[in-house]
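Student: the sequence and its predicted three-dimensional model are supplied below.
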Amino acid sequence: ETGVTQTPRHLVMGMTNKKSLKCEQHLGHNAMYWYKQSAKKPLELMFVYSLEERVENNSVPSRFSPECPNSSHLFLHLHTLQPEDSALYLCASSQDGSNEKLFFGSGTQLSVL
Amino acid sequence: AQKVTQAQTEISVVEKEDVTLDCVYETRDTTYYLFWYKQPPSGELVFLIRRNSFDEQNEISGRYSWNFQKSTSSFNFTITASQVVDSAVYFCALSEALDSSYKLIFGSGTRLLVRP
């Protein structure tokens, strides 16, 4: 148990659906991250939030829309996705966005049909 | 550009064997951090170690040890007397500074299978 909880664990959606991934951390951390892990690529950073402010958008398409309402919660809103967006989406948190270690959730395995 | 290379895609060993996972990195920064993470079948990445670029001392933690060689830009990870529970994907990572935070550049991972 890393203290970072992601829901749902699995998600299947059509290309026209809208869905959201949720992440919650119980560690009192101030920075939260979304990473994408696909079968054929290394882990890719998508977004970084520090103190609820987005500090990094790593050239992610607009069909992915993050939201950080408070320092404990992070969402990833999905709409009109493509089959190539199928991947494991991992949420992580850290104390303050510096070089300390990341704590990861178990991820949401997303399949886009 | 920052880059992390884990040339071994998959390694299979028999329990109790020692195994070394290789990691080679590229960076122009003089100050940087290196990490190893373990990803068991459950999916979450688990932090194993962080090493800063000024500390070249090797580290040992139980059956795990790390060999940082700045001269060859390598940060290799050895598991001694491997166990079935060590089966996982292992990622090496390098920190890269952003405007107001850092991000980790991950290698492609090495899948370790420890057979009974």
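Tutor: Arrived safely, thanks for sending. Numbering: from 1, shown residues only, chains lettered A, B, ... in the order given.

Student: residues contacting B:Val85?
Tutor: B:Val114 (CB atoms under 8 Å, 6 or more residues apart in numbering or on different chains). Just so you know, the C-beta spots here come from the backbone N, C-alpha and C atoms, and that holds for glycine as well.

Student: which parts of chain B sit against chain A?
Tutor: Contact residues, chain B versus chain A (CB under 8 Å from any CB of the partner chain): B:4, B:33, B:35, B:37, B:42-47, B:50, B:52, B:91, B:95, B:98-109.

Student: and the helix or strand containing A:Pro66, what does it pack against?
Tutor: Using DSSP states H and E, A:Pro66 maps to strand A:64-70. Under the contact criterion of 3 or more CB pairs under 8 Å, 6 or more residues apart in numbering or on different chains; DSSP states H and E, strand A:64-70 touches strand A:44-50, strand A:53-57, strand A:73-79.

Student: quick one: average pLDDT of the shortest one?
Tutor: Right, the one you point to is strand A:53-57. For strand A:53-57, mean pLDDT is 79.

Student: could you tell me the angle between it and strand A:64-70?
Tutor: With axes from the mean of the first three to the mean of the last three CA atoms, to 10 degrees as the basis, strand A:53-57 and strand A:64-70 are set at 150 degrees to each other.

Student: direction included, what does the strand or helix carrying A:Leu110 pair against?
Tutor: Following DSSP H and E, the helix or strand that holds A:Leu110 is strand A:108-112. Paired strands of strand A:108-112, with direction, are strand A:10-13 (parallel), strand A:87-94 (antiparallel) (DSSP bridges).

Student: most tightly surrounded among those strands?
Tutor: With neighbours taken as mean count of other CB atoms under 10 Å in any protein chain shown, the strands paired with strand A:108-112 reach their highest mean count in strand A:87-94, at a mean of 24.

Student: quick check: pLDDT value at the spatially closest residue to B:Arg50 that is not a sequence neighbour.
Tutor: Leaving out its chain neighbours, the residue that sits closest to B:Arg50 by CB to CB, 6 or more residues apart in numbering or on different chains is B:Phe35, at 5.2 Å. pLDDT, B:Phe35: 95.

Student: and B:Phe35, how many neighbours?
Tutor: Neighbour count for B:Phe35, taken as other CB atoms under 10 Å in any protein chain shown: 24.

Student: for chain B, what's its nearest residue on chain A.
Tutor: The nearest approach of chain A to chain B comes at A:Gly97, 3.6 Å away (CB to the nearest CB).

Student: residue ranges in chain B under the pLDDT threshold?
Tutor: Counting by pLDDT under 70, the ranges of chain B that qualify are B:99-101.

Student: now the helices for it?
Tutor: Here chain B has no helices by DSSP state H.

Student: contact partners for the closest residue to B:Thr30 other than its chain neighbours?
Tutor: Distance criterion CB to CB, 6+ apart; nearest residue to B:Thr30, sequence neighbours excluded, is B:Ser53 at 7.0 Å. Each residue near B:Ser53 by CB under 8 Å, 6+ apart is listed here: B:Asp29, B:Thr30, B:Thr31, B:Tyr32, B:Tyr33, B:Leu34, B:Lys70.
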